[in-house]
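**Student:** only geometry, no sequence info:
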């Protein structure tokens, strides 16, 4: 993807590390582990961590007067000219950046593998899911394996900070999803509750990815917090865009069937907006449509959505989070990495897949 | 349970901590989290950690000349007389012992909650499982939540050592279970492979529990390793005794239906022994019986087991691991805690439930 260009070689190092970590001396496990690494796809979280790491390190290069906080990095990469495919090159990233970028991708993959069981999904980004190719038991255990491995890997850094951040983020993801699964009255969820749920489900891990990148580059607290705000708001914007694409995307581009949120009884921002339509008749028809048989919901809800501002409103809210994400970092020293982060924020809302 | 007497108040502190950790500001999650804490039952792993902690600290009390290695403990409990229900008392344990005892119990509970999905189990120790009372989705997410929370909690200690040990143990548990699930030719598994699988599935977490207890008490490396061997061999003995009880236990005492291993196509030591019977006719009938419909396996296999030494042999192997567990620690300075560990090893093999 064009926006990731400044860290192309570092992302390759993350992929190499991911492959190395997910080997097993037990032959039976190898194809399952290998397949698991292919499910992540976009490598968004590693990209966020690496770009934040470079962008946060930039002030030092240009001789910033701010003295950085002590960083938790253990080993700097020796020098760019000895960098192999397995090591970061060109940029000023440390091996710890690569390790933690691998960790956040593994945690994300673990949640995807379990989500596919929850959603009974057969494919993800045109690739067969673990539950489809093997079975649910394998998915549950592979997800657990990835969680455990990622926490172990985070604990190879000298400080416990990375473990704590990643542990908290993983917990927030599960908490958000548990609330969704246990939410009996899903149609009564209001916008505030919804935003709080996606903050846990999606934004915590993007927030921690950005914070870790900056922290490992020795950035001061205020800078780390700025990257945290960027990551949080980007995650929310990204999830709202996902909600939008589930209703108005092009299914061949999105890579999954449209209306799956509806099918699974997941509330999304467009539906929340529709259910609060000024015209009580439309709101009430929407309420009814969403209580119909899962397979019939999409066709029933589409004409109602067309009579509302749900699409426009959803894009507006996504835009608001995109803007606040960019605002959080735009006054930091300019660099290609910072520009990439801004591009990602724009892409997350404007994408068609 | 009588054998845990020396640490009764510390186990209460662990329970209190478990309850405190598993609270949520989201009301919907509270009953699920509360129910989860009731599934552990015996609290074996916290007991092992705490008893190892006291037993390893004993030499200091009696003025041992060995200078202990630097320990990773952060805070000592102020003094026994200020100990509340939430703090360890009477013993020389630190708050970090209580935290890590809570962590190993949470990791264990996470694996149980996921196991109940894999086994499609309705009850565990006479208590309804999460999947029976709620559903599989809730079980998957609760297990993940417990994993994440336990790793976060382990990372509140000053060193990353506890995170690394717990991460590795959790990974070994998943690896062992994955091998079992992916093992297509389960009837061809030999004793060595079987022992390696239960080492991962059961013994890694008991080993790490004992090691952590000793390490947090500042024990030297050799002593930590001795407790590790004890924990490993105890875990294997315990699992083999479980195999025995699944075939020859009293189901009202065991708290689950007999023959569930057979039903689920899990190979156990008695079956491995039976399949290698000197009388080829019996071995071949056993092979056939185990390929019968799951529900019919128990009645078909019982008369064959009666014609073999499988029961006796299984007890012998369990006894061997019980003995080597005790041997690993019996020359350490005598204390009520050490005696309790020896009692647990004996109990793990002699128990009827």
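**Tutor:** Structure's in. What do you need? The structure presented is a predicted model; accordingly, all values stated were derived computationally and were not measured. Numbering: from 1, shown residues only, chains lettered A, B, ... in the order given.
**Student:** could you point out where the stretch 151-300 of chain A is predicted with low confidence?
**Tutor:** Applying pLDDT under 70 to the stretch 151-300 of chain A flags the ranges A:184-185, A:251-256.
**Student:** Okay, helices next: where are they in it?
**Tutor:** With DSSP state H, counting those that start in this stretch applied, the stretch 151-300 of chain A shows helices at A:161-182, A:191-198, A:204-216, A:221-248, A:251-254, A:260-263, A:269-275, A:280-290, A:297-306, listed in chain order.
**Student:** What helices and strands are in contact with the last one?
**Tutor:** Secondary structure elements in contact with helix A:297-306, counted by 3 or more C-beta pairs under 8 Å, 6 or more residues apart in numbering or on different chains; DSSP states H and E, are helix A:260-263, helix A:269-275, helix A:280-290. Where C-beta positions appear, they are placed from N, C-alpha and C, glycine not excepted.
**Student:** how far out from the middle of the chain is whatever helix or strand comes next after it?
**Tutor:** For helix A:297-306, the following helix or strand on the C-terminal side (DSSP states H and E) is helix A:310-329. How far helix A:310-329 lies from its chain's middle: 16 Å, per C-alpha atoms, centre = their mean, to the nearest Å.
**Student:** Check which residues of helix A:310-329 are buried.
**Tutor:** Neighbour counts over helix A:310-329 (16 or more other C-beta atoms under 10 Å in any protein chain shown) mark A:310-311, A:313-315, A:317-319, A:321-326, A:328-329 as buried.
**Student:** circling back: of all the helices and strands packed on helix A:297-306, which lies closest to residue A:159?
**Tutor:** Of all these, it is helix A:269-275 that lies closest to residue A:159, at 37.8 Å by C-beta to C-beta.
**Student:** by contact count, what packs against that closest one?
**Tutor:** helix A:191-198, helix A:221-248, helix A:280-290, helix A:297-306, helix A:310-329.
**Student:** just to revisit the earlier point, please identify which of the helices of the stretch 151-300 of chain A is closest to residue B:220.
**Tutor:** Nearest to residue B:220, of all those, is helix A:161-182, at 26.0 Å by C-beta to C-beta.
**Student:** Determine how far that closest one lies from the middle of the whole chain.
**Tutor:** Distance, centroid of helix A:161-182 to centroid of chain: 13 Å (C-alpha atoms, centre = their mean).
**Student:** likewise stretch A:337-353?
**Tutor:** Mean-position distance between stretch A:337-353 and its chain equals 13 Å (C-alpha atoms, centre = their mean).
**Student:** Then stretch A:36-45?
**Tutor:** That offset, for stretch A:36-45, works out to 10 Å (C-alpha atoms, centre = their mean).
**Student:** do that stretch and chain B meet?
**Tutor:** No - on the criterion C-beta under 8 Å from any C-beta of the partner chain, stretch A:36-45 is out of touch with chain B, staying 11.2 Å away.
**Student:** Would you indicate which residues of that stretch are buried?
**Tutor:** A:36, A:37, A:39, A:40, A:43, A:44, A:45.
**Student:** that older thread, how about the helices and strands packed on helix A:297-306 in TSV, adding mean neighbour count?
**Tutor:** Shown next, in TSV, are the helices and strands packed on helix A:297-306 (neighbours: other C-beta atoms under 10 Å in any protein chain shown):
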stretch	mean neighbour count
helix A:260-263	19
helix A:269-275	24
helix A:280-290	16
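**Student:** and residue B:173, which of those helices is closest to it?
**Tutor:** Closest of the helices and strands packed on helix A:297-306 to residue B:173 is helix A:260-263, at 32.3 Å (criterion: C-beta to C-beta).
**Student:** Please list the residues outside the closest one that contact it.
**Tutor:** A:119, A:121, A:243, A:246-247, A:267-268, A:271, A:290, A:294-295, A:297-298, A:301 (C-beta atoms under 8 Å, 6 or more residues apart in numbering or on different chains).
**Student:** Can you tell me which of the residues you listed are buried?
**Tutor:** The neighbour-count criterion (16+ other C-beta under 10 Å) marks A:119, A:121, A:243, A:246, A:247, A:267, A:268, A:271, A:290, A:297, A:298, A:301 among the contacts of helix A:260-263 as buried.
**Student:** So which of those is the closest to chain B?
**Tutor:** residue A:119 (9.4 Å; C-beta to the nearest C-beta).
**Student:** Now that closest one: closest residue in space that isn't a chain neighbour?
**Tutor:** Leaving aside its sequence neighbours, residue A:119 sits nearest to residue A:264 (C-beta to C-beta, 6 or more residues apart in numbering or on different chains; 5.9 Å).
**Student:** Next: residue A:208.
**Tutor:** Nearest non-adjacent residue to residue A:208, counting by C-beta to C-beta, 6+ apart: residue A:169, 4.2 Å away.
**Student:** Count the neighbours of that neighbour for me.
**Tutor:** Close neighbours of residue A:169, defined as other C-beta atoms under 10 Å in any protein chain shown, add up to 24.
**Student:** now swap in residue A:20 and tell me
**Tutor:** So residue A:20, with other C-beta under 10 Å, has 10 neighbours.
**Student:** Contact residues of the stretch 1-150 of chain A facing chain B?
**Tutor:** Residues of the stretch 1-150 of chain A lying close to chain B (C-beta under 8 Å from any C-beta) are A:24, A:26, A:28-29, A:32, A:110-111, A:114, A:117-118, A:134-138, A:140-145, A:147-149.
**Student:** Show me the strands in the stretch 51-200 of chain A, by range?
**Tutor:** Ranges of strands within the stretch 51-200 of chain A are A:123-124, A:127-128, based on DSSP state E, counting those that start in this stretch.
**Student:** Let me see the contact set for residue A:259.
**Tutor:** Contacts of residue A:259 were listed using C-beta under 8 Å, 6+ apart, and they are A:246, A:247, A:297, A:298.
**Student:** Could you pull up phi and psi at it?
**Tutor:** phi 80, psi 10 (degrees, to the nearest 10).
**Student:** about what we covered before: name the nearest of the buried ones among the contacts of helix A:260-263 relative to residue B:350.
**Tutor:** The closest of those to residue B:350 turns out to be residue A:119 (C-beta to C-beta; 46.6 Å).
**Student:** how close does that closest one get to residue A:196?
**Tutor:** Counting by C-beta to C-beta, to the nearest Å, the separation of residue A:119 from residue A:196 is 21 Å.
**Student:** swap in residue A:147?
**Tutor:** Distance, residue A:147 to residue A:196, using C-beta to C-beta: 23 Å.
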